[in-house]
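>>> Let's see this in three dimensions:
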Amino acid sequence: MTTQAEKLIAIAVLKAKPGKRDALRAGLLALIEPTRAEPGNLDYVLFELRDEPGTFYMREAFASQAALDEHIAADYFQAFAVTIDDLLAEPLRLIFLDQVSA
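Numbers count the residues shown, from 1 in each chain. Now for the predicted structure:
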């Protein structure tokens, strides 16, 4: 069972370069299904900022640091990662959160 202390919850912020919104969106959407199938994944949901199209937020939660490390090492994530410099206007921001309420 995953304890609150082990669980990693984060928001990834990804801002597309001009003209790269659709490519970034497609790449992020392609990560959803395989990531949700990972045994250590607890949550993986993509959002787009309504007032700023091309700025995406990925809400993600993993059972542990090891589960997050496995996600990052997965072939499909690594295939996406090699395209990221061409797609992002600024470096990816990963904001880690502590859950306060249920």
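>>> What helix or strand is the residue nearest to residue 80 when sequence neighbours are not counted located in?
Leaving aside its sequence neighbours, residue 80 sits nearest to residue 27 (CB to CB, 6 or more residues apart in numbering; 5.2 Å). Bear in mind the C-beta positions are built from the backbone N, C-alpha and C, glycine included. Assigned by DSSP states H and E, residue 27 belongs to helix 21-36.
>>> and that helix, what's its mean pLDDT?
Helix 21-36 carries an average pLDDT of 98.
>>> Please identify the buried residues of it?
For helix 21-36, the buried set under the neighbour-count rule, 16 or more other CB atoms under 10 Å, comprises 21, 24-25, 27-28, 31, 35.
>>> What is the nearest of those to residue 41?
Of all the buried residues of helix 21-36, residue 35 has the smallest distance to residue 41: 5.5 Å, by CB to CB.
>>> Let me see the contact set for the closest residue in space to the closest one that isn't next to it in sequence.
In space, and not counting its chain neighbours, residue 35 is closest to residue 44: 4.6 Å by CB to CB, 6+ apart. Applying CB atoms under 8 Å, 6 or more residues apart in numbering to residue 44 gives the contacts 31-32, 35-36, 58-61.
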